[in-house]
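A.B. asks: next input, structure requested:
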Amino acid sequence: MKQTEKIIKQQDLQIYTQAFGNSSDPCIVLIAGATVSMLFWDESFCSQLAAKGLYVIRYDLRDTGQSTCYTAGELNYKIDDLVDDIFLILDAYNINNAHLLGISLGGMLAQIAAMKHSERINSISLMSSMPWADPIMPTPEMDEAILDFQADTSSINWDNENEVLDYMLKGSKLMSGNKPLNVDRAKEYILASFRRANNFKSQFNHAQLSGGEEYYNQLQLVSCPSLIIHGSEDRICHFNNALSLVQLLKSQNLTILEGTGHELHEADWNIIIDAVAGMVLTLENKK
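C.D. replies: Predicted structure coming up:
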């Protein structure tokens, strides 16, 4: 599968991107969640999605991977800036219209992008995410074990690879649902993320994110089709968030990943890829 990289620079900002497939195919931008780089979207996953006939772009959010990283503990941007980065990427690739696939925070960024520039977003696929609005369904908070895990970040030596690996692997186990975690794959991903990051600890700056208030509770402004994908055993973003999204967006597309947690589990790849590509290509064929 053809793969290219592009480093986008604007003033003091740098965004690292990779594209898979043919640029003449419909474009879909993959938006990762908080505290993870583009490596979350496994290279093989991206290639398989591109093989369906899509031009796939993945990128490092600010404070992750090879994109601009700021001092850990100092947030220099807002949610609005992360949304603008999506359009900066599209402009750099000379793409007028695109589809978006976002997980968790990435799903919320996709919602705001579809409200802010509806003329440029053809569809949004929201995975393991929550509405950028008050939920309609009663929704339990994040699992207490996850909160306890996150509270331990200050006790970790983030320069020690083995210590980071042990801690992040514990997180991977907590986020997995009822499907077995591929520990070897998880370790490989964590180490690759750690070794290529400009400043690995900076990713936790995402915990301080604010902004986007003018679009909150304005989901009626989303005019494009949507696809909701959610694991039934998500301990970070409860499944009821998916039900709220379906109602708020009047979505006709809900894909339930039975037994899956807050993850991109390889056992679900085919289901996710078929659902996303199916919606995107159906829309494109109607043009």
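A.B. asks: which parts of this protein are strands?
C.D. replies: Using DSSP state E, the strands found in the chain span residues 3-10, 13-20, 27-31, 55-59, 98-103, 121-127, 226-231, 253-257.
A.B. asks: what about the helices in the stretch 51-200 of the chain?
C.D. replies: 79-92, 105-116, 144-150, 161-175, 183-196 (DSSP state H, counting those that start in this stretch).
A.B. asks: make JSON lines out of the ones you listed and add mean pLDDT.
C.D. replies: Output for those, formatted as JSON lines (pLDDT from 0 to 100):
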{"stretch": "helix 79-92", "mean pLDDT": "98"}
{"stretch": "helix 105-116", "mean pLDDT": "98"}
{"stretch": "helix 144-150", "mean pLDDT": "84"}
{"stretch": "helix 161-175", "mean pLDDT": "94"}
{"stretch": "helix 183-196", "mean pLDDT": "96"}
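A.B. asks: which of these is buried the deepest?
C.D. replies: Highest mean neighbour count among those (mean count of other C-beta atoms under 10 Å): helix 105-116, with a mean of 26. For every residue, glycine as well, the C-beta is placed using N, CA and C.
A.B. asks: which residues sit against it?
C.D. replies: The contact list for helix 105-116 (C-beta atoms under 8 Å, 6 or more residues apart in numbering) reads 30-34, 79-80, 82-83, 86-87, 100-102, 121, 124-132, 206, 209, 212, 215, 218-219, 221-224.
A.B. asks: just so I know, which of the helices of the stretch 51-200 of the chain lies nearest Glu263?
C.D. replies: Nearest to Glu263, of all the helices of the stretch 51-200 of the chain, is helix 161-175, at 5.4 Å by C-beta to C-beta.
A.B. asks: give me the helices and strands touching that closest one, please.
C.D. replies: With contacts taken as 3 or more C-beta pairs under 8 Å, 6 or more residues apart in numbering; DSSP states H and E, helix 161-175 sits against helix 144-150, helix 183-196.
A.B. asks: got the angle between it and strand 226-231?
C.D. replies: Orientation check (axes from the mean of the first three to the mean of the last three C-alpha atoms, to 10 degrees): helix 161-175 against strand 226-231 gives 110 degrees.
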